[in-house]
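In: give me a model of this one.
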Amino acid sequence: MILDAHVHLGPSGEWLPYLDPERDAETVLAAMDDADVDKAIIFSNPVVGDRYPEMNDIILEAVEEYPDRFIGFGRVDPRRGNEAIEELKRCDDMGLVGIKLHPFVETYRPDHPNFEKLFDAIHERDMIILTHTGQGFASAGLMKNVLEDREDMKVILGHLNEGCISAAEKYDNVYVDTSGTRVYMLEYACSEIPDKILFGSDHPYLNYKVQKTVVEAADISDSRKDKIFSDNLKGLLSDTK
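Out: A predicted model of the protein is given here:
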């Protein structure tokens, strides 16, 4: 069984000149079937303005139509203040189990005091955060600052890197996904946090088969590969309301 922790679905803002990431549910399912992926966490592509409520409704529709294939996460722009908080509450009330954040695209620093109320609301509702990690505002170290006062918050750090490993070592409920990582980094992560690594494809931005091959090519045991492909995410989701 393969579970994917990182898939985009729905319309997209015009922010990439070389790729139109817009995908409907049936197109995503076809890609999943081609890659032998059984179920995926889905969330919106980036959009501008106040369109995330509209996009979150599309995610909910896909989950309701294909409940055996999709797990829905909402998406908010933290810069919208109280509007973002109200939207994440609506996502929770609709049955979406997590929130996708992207500090780079949405240009905000996660540990800025202006966003404390948003993270408090996510924490209080026991929702899972899946956040992009990388450089600058997207540094995993900034999320470690957020977690200092919310140590049991459930977080998936996207795009496995050394900063992600450090955060997952420190906090019990912090996981990493493999999208965009390298084989050597995955092997290192397996030596440090073997039960906290989740397969992620970042479809359609990254190639499904390439992302699977990173896990398959790693010099790790088959049992650890099984954990990455399914068991670790099952464990995280089973602990979520």
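In: for the residue nearest the centre of the chain, what are phi and psi?
Out: Using CA atoms, centre = their mean, the residue of the chain that lies closest to the mean C-alpha position is Leu130, 3.4 Å off. Reported as degrees, to the nearest 10, the phi and psi values for Leu130 are phi -120, psi 120.
In: list the residues that contact it.
Out: Residues counted as contacts of Leu130 (CB atoms under 8 Å, 6 or more residues apart in numbering) are 5-6, 41, 43, 73, 98-101, 155-156, 158, 177. Every C-beta, even on glycine, is put in place using the N, C-alpha and C of the backbone.
In: for the closest residue to it other than its chain neighbours, list each beta-bridge partner.
Out: Closest residue to Leu130 apart from its sequence neighbours, by CB to CB, 6 or more residues apart in numbering: Ile156 at 4.3 Å. Beta-bridge partners for Ile156, by DSSP bridges, are Leu130, Tyr175.
In: and Ile156, how many neighbours does it have?
Out: Ile156: 27 surrounding residues under other CB atoms under 10 Å.
In: where's it relative to Tyr18, distance?
Out: Taking CB to CB, to the nearest Å as the measure, Ile156 falls 26 Å from Tyr18.
In: likewise Glu116?
Out: In terms of CB to CB, Glu116 sits 37 Å off from Tyr18.
In: ditto for Asp33
Out: Distance of Asp33 to Tyr18, computed by CB to CB: 26 Å.
In: those two: which is more packed in?
Out: Comparing Asp33 with Tyr18 by other CB under 10 Å, the one with more neighbours is Asp33, at 11 against 4.
In: next, Gly7: secondary structure please.
Out: Just so we're on the same page, residue 7 is Val rather than Gly. Secondary structure for Val7, judged by DSSP: H, G, I helix; E, B strand; the rest coil, is strand.
In: per-residue pLDDT, the residue nearest to Ser44 when sequence neighbours are not counted?
Out: In this structure, Ser44 finds its nearest non-sequential neighbour in Met55, 3.7 Å apart by CB to CB, 6+ apart. For Met55, the pLDDT comes out at 96.
In: show me the contacts for Met55.
Out: Counting by CB under 8 Å, 6+ apart, Met55 has contacts Gly10, Pro11, Ser44, Asn45, Val47, Arg75.
In: of those residues - the most surrounded one?
Out: Within these, neighbour counts (other CB under 10 Å) peak at Arg75, which reaches 29 neighbours.
In: return the residues in contact with it.
Out: Counting by CB under 8 Å, 6+ apart, Arg75 touches Phe43, Ser44, Tyr52, Met55, Asn56, Ile59, Ile99, Lys100, Leu101.
In: and the strands in the protein?
Out: Assigned by DSSP state E, the chain shows strands spanning 3-9, 39-44, 70-75, 98-101, 128-131, 155-157, 174-177, 197-198.
In: what is the first one packed up against?
Out: Strand 3-9 sits against helix 25-34, strand 39-44, helix 52-65, helix 232-238, with contacts defined as 3 or more CB pairs under 8 Å, 6 or more residues apart in numbering; DSSP states H and E.
In: repeat the analysis, applying 6 Å as the threshold.
Out: Packing partners of strand 3-9 (3 or more CB pairs under 6 Å, 6 or more residues apart in numbering; DSSP states H and E): strand 39-44.
In: which outside residues touch the strand it packs on?
Out: Residues outside strand 39-44 that contact it (CB atoms under 6 Å, 6 or more residues apart in numbering): 3-5, 7, 9-10, 55, 59, 69-71, 73, 75, 100.
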